[in-house]
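A.B. asks: Take a look and give me a structure for this.
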Amino acid sequence: MESRIILKIADGTEIVFEDILSFTFEKNAYMPYTSFSAVACSEIDSIESVSEVSFIIGGKRIHHGICDTLDIYTENGKGFCRIVSKGFTSLLCRNQLEEGLKTNISFNALMESFYTLPFVEHEDNSDTSNYIYVKPNSVMWDGVVNLAYKLYGRYPYIRGTNNVRITPIELPVGFVYRDNAILKKGIRINTSRIISDYHMADINGSYGEFELVNTEAHQLNIIRNNFFELDKQFLYSPQEALIFRDRFNTREKLSHYFVYSGYNGEDITDIVTFSDIMEKKITGVKVIGNSNGIFTEISVNNDYFNRE
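C.D. replies: Residues are numbered from 1 along each chain as shown. Model prediction:
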């Protein structure tokens, strides 16, 4: 399967790497960007002002982002280039919003009214029936998360390279993998994020009114207490602030995954069937390439935000 990296320089010129020694591409339902890293052979002495990094595999661009780090070096007389990049939607995590209440705000307005982020797209949603409260030092992604949860009880995700969505796509692609195509499969359990007891202060700063206990955490002997001030993002229903935190902190607690040879273009919220897992929503895609070939790991989660 052919793959190549394209670095676009600020002046518009492009540098293409086709002799790729290794790469890792990753995206999941809770990561607000695609992630890409690679090592390629290179005869170039230096590159400055890289404005875009694209990764194309099988004729399809699956990553388009910022060049976070670029290391050009020689070893044993040969030239190499090491690239690390995050998708352009990572800018949502680095742009803060002005503190305060934003009433009657739609997803369209949130994505378009504050900053113009290069190559970032989003689904068309003009519902203005809700609000967001921007806490100090909050970034755009926090607002997207808050609005998605209030409107639909969902967590936002990245579709394609840089498309931000807060609802499922209408026609997800279906994939079916038989056992003879699967190289590896397994189950992952992750309890590292789980909080056992949540305590939120009331408007006067006193604790005791807003409490939530995760009984399963206690059954697992996980005792972690979390105290925080009144979350004004949930003034319409203060207890929901604790419920949201509990749902988010138990994300990816149980995941089923498998690995196959190649890459067939799966994306977040597409549907997959494998082994005894029937028609579940894809929540993770990881593609690794090296001297042994190209391999894809697909995962599905059993948590609040991905139960369909």
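
A.B. asks: Show residues contacting whichever strand or helix holds residue 142.
C.D. replies: Element membership of residue 142, judged by DSSP states H and E, is helix 140-152. Contacts to helix 140-152, defined as C-beta atoms under 8 Å, 6 or more residues apart in numbering, come from residues 32, 91-93, 95-97, 102, 105, 107, 110-111, 114-115, 127, 129-135, 154-156, 164, 166-167, 233, 236, 244. Any C-beta I mention is one placed from the backbone N, CA and C, and that applies to glycine too.

A.B. asks: For residue 5, list the residues it contacts.
C.D. replies: 16-17, 20, 23, 38, 40, 53-56, 83.

A.B. asks: Report the next helix or strand after the biggest strand by length in the chain in sequence order.
C.D. replies: For the chain, the longest strand by residue count, based on DSSP state E, is strand 60-75. Of the helices and strands lying after strand 60-75 in sequence (DSSP H and E), the nearest is strand 78-87.

A.B. asks: And the next helix or strand after that next one, how far out from the chain middle?
C.D. replies: Tracing the chain past strand 78-87, the next element assigned as helix or strand by DSSP H and E is strand 100-102. Here strand 100-102 is found 26 Å from its chain centre; the criterion is C-alpha atoms, centre = their mean, to the nearest Å.

A.B. asks: and strand 100-102, which strands flank it?
C.D. replies: Partners of strand 100-102 in the sheet, by DSSP bridges, are strand 132-134 (antiparallel).

A.B. asks: Give me the next element, helix or strand, following the helix holding residue 142.
C.D. replies: Next along the chain after helix 140-152, taking DSSP H and E as the criterion, comes strand 157-159.

A.B. asks: Low-confidence ranges, this structure, go.
C.D. replies: For the chain, applying pLDDT under 70 flags the ranges 308.

A.B. asks: one more time with 80, if that's ok
C.D. replies: 307-308 (pLDDT under 80).

A.B. asks: Tell me the spacing between the residue with the largest distance to the centre of the chain and residue 290.
C.D. replies: Ranked by distance from the centre of the chain (C-alpha atoms, centre = their mean), the top residue is residue 77, with 38.4 Å. Separation of residue 77 from residue 290 (C-beta to C-beta, to the nearest Å): 22 Å.

A.B. asks: before we move on, back to that, got a quick ChimeraX command for the buried subset of the contacts of residue 5?
C.D. replies: Buried subset of these, written as a ChimeraX selection, criterion 16 or more other C-beta atoms under 10 Å:
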select :17,20,23,38,40,53,54,55,56,83
